[in-house]
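Visitor: with the input below, show me the fold.
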Amino acid sequence: MAVQFPFSAIVGQDEMKLAILLAAVDWRIGGVLVFGDRGTGKSTAVRALAALLPKMRVVAGCPYGCDPAAASGCEACEARGRAAGAARKSVLVPVPVVDLPLGATEDRVVGALDLERALSQGVKAFEPGLLARANRGFLYVDEVNLLEDHLVDLLIDVAASGENVVEREGLSVRHPARFVLVGSGNPEEGELRPQLLDRFGLSVEVRTPEVLAERVEVVRRRDAFERDPHAFTERWKKEDERTRRRLVAGRSRLDGVRVPDAMLERAAQLCMALGTDGLRGELTLIRAARALAALQGDAEVADAHLKRVAPPALRHRLRRNPLDDAGSSVRVDRAVAELFGP
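Guide: A predicted model of the protein is given here:
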């Protein structure tokens, strides 16, 4: 297995790293959209975080990687679970990171039903797709702004529901597909439609470092990693282990984090001040703030959590204002300052 660049060794890009961590703590936040310059560590961060996570336990032989401790799973696992005296054997596997190529067909993504076998033999044969492989892991789409709109919409729907349903000619197959969707792209090559932008949970902007010392450090670390990956990874092992413990602890604390009514009102006030459409903004803001509180070990959501996650949760949901030429990040920061104070 290829050695991945350590997550803790990534220089800068703090907002991107935080967004991916929050989505890993609570998959219900939705996908993470990373827009910015090429060569700024977008795919490196996703693969590094997946490699950092502890191995997950799956049902042996299950094509969807079902969790043996879960109450429900795919049709095959549920059938085995109902069988008298059947025991679910399990194995440990790495958290998957699945790349979705731009030229992928819908059948390649969602899976394909063999209609010929179904009609001639009465057998419901299903070939799992990329969504099945990504279950309980990460699905990474580079240049997501160049992917066909209907595929982006499909991905976001499945990522939000945690289940993939394939229906063809009266046949239907459903299986768990709970994954963190990460899409990246360069805005110079085209933008996503606003309707699709709004469906992503968090949106992050990354830029090429402009500070000389930071650029030099990026090159130094990458060069050291390529010359001796194992030695470089060993040097960052303690930092990665610390991040792993924070993440695992955050997941275990998540359901116990309280969200006071005052914070719900704050979130709604902020979204109203920015004029966001619908209620996805408030929902994502609260979910991300709760995940941040869990990651930091706090018992309840506070102003500081909302302020920290507001830019990635809201910047891609703003309408264009012809009377205000400020960027979306500036508008969110301004609204946060007015509502919460400096």
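
Visitor: show me what contacts the closest residue in space to residue 111 that isn't next to it in sequence?
Guide: Closest residue in space to residue 111, ignoring its immediate chain neighbours: residue 129 at 3.7 Å, by CB to CB, 6 or more residues apart in numbering. Bear in mind the C-beta positions are built from the backbone N, C-alpha and C, glycine included. By CB atoms under 8 Å, 6 or more residues apart in numbering, the contact list for residue 129 reads 107-112, 164.

Visitor: where in the stretch 101-250 of the chain is pLDDT low?
Guide: Low-confidence segments of the stretch 101-250 of the chain, defined by pLDDT under 70, span residues 114-124, 169-170, 195.

Visitor: that one: strands as residue ranges?
Guide: 111-113, 126-128, 138-142, 163-168, 171-176, 180-185, 202-206 (DSSP state E, counting those that start in this stretch).

Visitor: make a markdown table from those strands and add mean neighbour count and distance to residue 332 to it.
Guide: Shown next, in a markdown table, are those (neighbours: other CB atoms under 10 Å; distance: least, CB to CB, whole Å):
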| stretch | mean neighbour count | distance to residue 332 |
| --- | --- | --- |
| strand 111-113 | 20 | 39 |
| strand 126-128 | 17 | 40 |
| strand 138-142 | 24 | 25 |
| strand 163-168 | 17 | 32 |
| strand 171-176 | 18 | 34 |
| strand 180-185 | 26 | 20 |
| strand 202-206 | 23 | 11 |
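
Visitor: with distance to residue 270 added, can I get these in TSV?
Guide: Output for those, formatted as TSV (distance: least, CB to CB, whole Å):
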stretch	distance to residue 270
strand 111-113	40
strand 126-128	41
strand 138-142	29
strand 163-168	31
strand 171-176	34
strand 180-185	25
strand 202-206	15
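
Visitor: and the residue nearest to residue 328 when sequence neighbours are not counted, which of the three is it?
Guide: Nearest non-adjacent residue to residue 328, counting by CB to CB, 6+ apart: residue 315, 4.3 Å away. At residue 315 the chain is in helix, as set by DSSP: H, G, I helix; E, B strand; the rest coil.

Visitor: now the helices for the stretch 201-342 of the chain?
Guide: Secondary structure of the stretch 201-342 of the chain (DSSP state H, counting those that start in this stretch): helices located at 212-227, 229-235, 237-253, 261-274, 280-296, 303-314, 328-340.

Visitor: need the ones you listed in CSV (columns: distance to residue 172 and mean neighbour count).
Guide: As requested, the helices of the stretch 201-342 of the chain are exported to CSV (distance: least, CB to CB, whole Å; neighbours: other CB atoms under 10 Å):
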stretch, distance to residue 172, mean neighbour count
helix 212-227, 47, 13
helix 229-235, 45, 14
helix 237-253, 32, 15
helix 261-274, 37, 17
helix 280-296, 28, 24
helix 303-314, 35, 23
helix 328-340, 41, 17
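
Visitor: and the strands of the stretch 101-250 of the chain: which comes nearest residue 155?
Guide: strand 180-185 (5.8 Å; CB to CB).

Visitor: between that closest one and strand 202-206, how many degrees?
Guide: Taking axes from the mean of the first three to the mean of the last three CA atoms, to 10 degrees, one finds that strand 180-185 is oriented at 40 degrees with respect to strand 202-206.

Visitor: which one is residue 28 nearest to, not counting chain neighbours?
Guide: residue 287 (5.8 Å).

Visitor: next one: residue 108
Guide: Closest to residue 108 by CB to CB, 6+ apart is residue 129, at 5.7 Å.

Visitor: what are the phi and psi angles of that neighbour?
Guide: Residue 129 has phi and psi values of phi -100, psi -160 when expressed as degrees, to the nearest 10.

Visitor: quick one: it from residue 78, how far?
Guide: According to CB to CB, to the nearest Å, residue 129 stands 20 Å off from residue 78.

Visitor: same thing with residue 6?
Guide: Taking CB to CB, one finds residue 6 at 39 Å from residue 78.

Visitor: more neighbours: which of those two?
Guide: residue 6 (23 against 13; other CB atoms under 10 Å).
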